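>>> Sequence first, then the predicted structure:
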2 protein chains.
Amino acid sequence: MTSKAPIDFYFEFSSPYGYIASQLADDFEKRVGRPLRWRPFLLGPVFKITGQPPLVEIPMKGEYSRRDFLRSARLHKVPYKQPSKFPIGTVAAMRAFYWLDDRDSTQARALARALYKAYFVDGIDISAPATVIEIARSAGIDATALATALEDPALKERAKKEVDSAIAANVFGSPFFIADGEPFWGVDRMPMLEEWIRAGGW
Amino acid sequence: MTSKAPIDFYFEFSSPYGYIASQLADDFEKRVGRPLRWRPFLLGPVFKITGQPPLVEIPMKGEYSRRDFLRSARLHKVPYKQPSKFPIGTVAAMRAFYWLDDRDSTQARALARALYKAYFVDGIDISAPATVIEIARSAGIDATALATALEDPALKERAKKEVDSAIAANVFGSPFFIADGEPFWGVDRMPMLEEWIRAGGW
């Protein structure tokens, strides 16, 4: 496999495993020699299709998951504190990301990291647009322009198209990777994805 | 962690990932230096509690799973053919296992492997007691005694207690491992379990 095409990296800002994957992303890119295209989406519309409640609300599985979030973060040496309000709505975070991504994808990644850190390290509920704007401001992003953009129907439509496109690609969890059409779901599939790329499939 | 206590290895005979784990089990035991206690159970009663349909029936996730069964088997160099009838009821297989396990746990493992091979390699529907008995006979097990046992209410009760016990231990998927009270779900958590035992937790 000699492709250098980007690998789609789907994640939801309220997903612990998405956050962990985002922390592993740069090293992953270096090792596999292919860029990741960061694509936040929303799990809410997906769960409507799959008929599943959020992970932590599933009987038996919920308790396990809370333990596994912490354990997985420690395994990967990623700072993590379980947010008291969880999960949360992340449409504002997602919209802010795409607004910035259309202008500067490096800055958009930095914003994504800052949003994830606020939620999963500092325990800040990032659901409100005002909070997203403040975090963007702290990250050196033009907060006034972002505040205006977040009210713009064009940005809402832009972000909605991303969610629709994720669903059309059968992205049902976070993180979710698609490389050359092959889907990989979960932090625990990242080693498999890496091997898949190295071996050119099997 | 100097414990040499057995690690509980829960699996369901209709589970592709349980089958893959069973194929990795012996090498795993050798590497970690602790025995696995094989404990088949039934996912049906679990799904009633978690409110989830079988994996392949979940929209979006189902199609992914079928692809991932094959891909995971190939990654681990385990022979695999997707059974045409899937999933199936495996209560007879489970009962046969525990009947034998109470007499000879090594033989019970051999039977489990034979049943898994019949279903996931040879494409034989192992749901009927008569099929389980035939497979046992081919594996050199006293088929007449097994046939009698499968009709015995005491064995049914014995096996039911195992399912109840798995549920009481919050076992919600297959394979599922519990080591010193710590739960690990999935073939993809086997490396984490191994590291957990090596490091004595983290």
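All right, it came through fine.
>>> how about the strands in chain A?
Applying DSSP state E to chain A gives strands spanning A:7-11, A:36-40, A:176-179, A:182-185.
>>> how about JSON lines for those strands, with distance to chain B added?
No exception for glycine: its C-beta is placed from N, CA and C like everyone else's. Shown next, in JSON lines, are those (distance: least, Cβ to the nearest Cβ, whole Å):
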{"stretch": "strand A:7-11", "distance to chain B": "12"}
{"stretch": "strand A:36-40", "distance to chain B": "16"}
{"stretch": "strand A:176-179", "distance to chain B": "9"}
{"stretch": "strand A:182-185", "distance to chain B": "6"}
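>>> could those go into CSV alongside mean neighbour count and mean pLDDT?
CSV is the format used below for the strands of chain A (neighbours: other Cβ atoms under 10 Å in any protein chain shown; pLDDT from 0 to 100):
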stretch, mean neighbour count, mean pLDDT
strand A:7-11, 24, 98
strand A:36-40, 21, 98
strand A:176-179, 24, 98
strand A:182-185, 21, 98
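>>> Just send these back as TSV, with distance to A:S22 too.
Output for the strands of chain A, formatted as TSV (distance: least, Cβ to Cβ, whole Å):
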stretch	distance to A:S22
strand A:7-11	6
strand A:36-40	8
strand A:176-179	12
strand A:182-185	15
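>>> could you pull out the helices for chain A?
In chain A, the segments counted as helices under DSSP state H are A:16-32, A:43-50, A:61-75, A:91-101, A:105-120, A:129-138, A:143-150, A:153-168, A:190-199.
>>> With only the CA atoms kept, save the last one in PDB.
In PDB, the C-alpha atoms belonging to helix A:190-199 read as follows (Å, rounded to 0.1, in the frame of the first residue of the first chain):
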ATOM      1  CA  MET A 190      -5.900   1.800  16.000                       C
ATOM      2  CA  PRO A 191      -3.200  -1.000  16.200                       C
ATOM      3  CA  MET A 192      -5.200  -3.000  13.600                       C
ATOM      4  CA  LEU A 193      -5.600   0.000  11.400                       C
ATOM      5  CA  GLU A 194      -1.800   0.600  11.600                       C
ATOM      6  CA  GLU A 195      -1.100  -3.000  10.700                       C
ATOM      7  CA  TRP A 196      -3.700  -2.800   7.900                       C
ATOM      8  CA  ILE A 197      -1.900   0.100   6.400                       C
ATOM      9  CA  ARG A 198       1.500  -1.400   6.800                       C
ATOM     10  CA  ALA A 199       0.500  -4.700   5.300                       C
END
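>>> what comes into contact with that helix?
A:1, A:7, A:21, A:24, A:28, A:31-32, A:34, A:175, A:177, A:179, A:182, A:184, A:202, B:71-72, B:75, B:188, B:191 (Cβ atoms under 8 Å, 6 or more residues apart in numbering or on different chains).
>>> rerun that using 10 Å as the cut-off
For helix A:190-199, the surrounding residues in contact (Cβ atoms under 10 Å, 6 or more residues apart in numbering or on different chains) are A:1, A:3, A:7, A:20-21, A:24-25, A:28, A:31-34, A:76, A:175, A:177-180, A:182-186, A:189, A:201-202, B:68, B:71-72, B:75, B:188, B:191.
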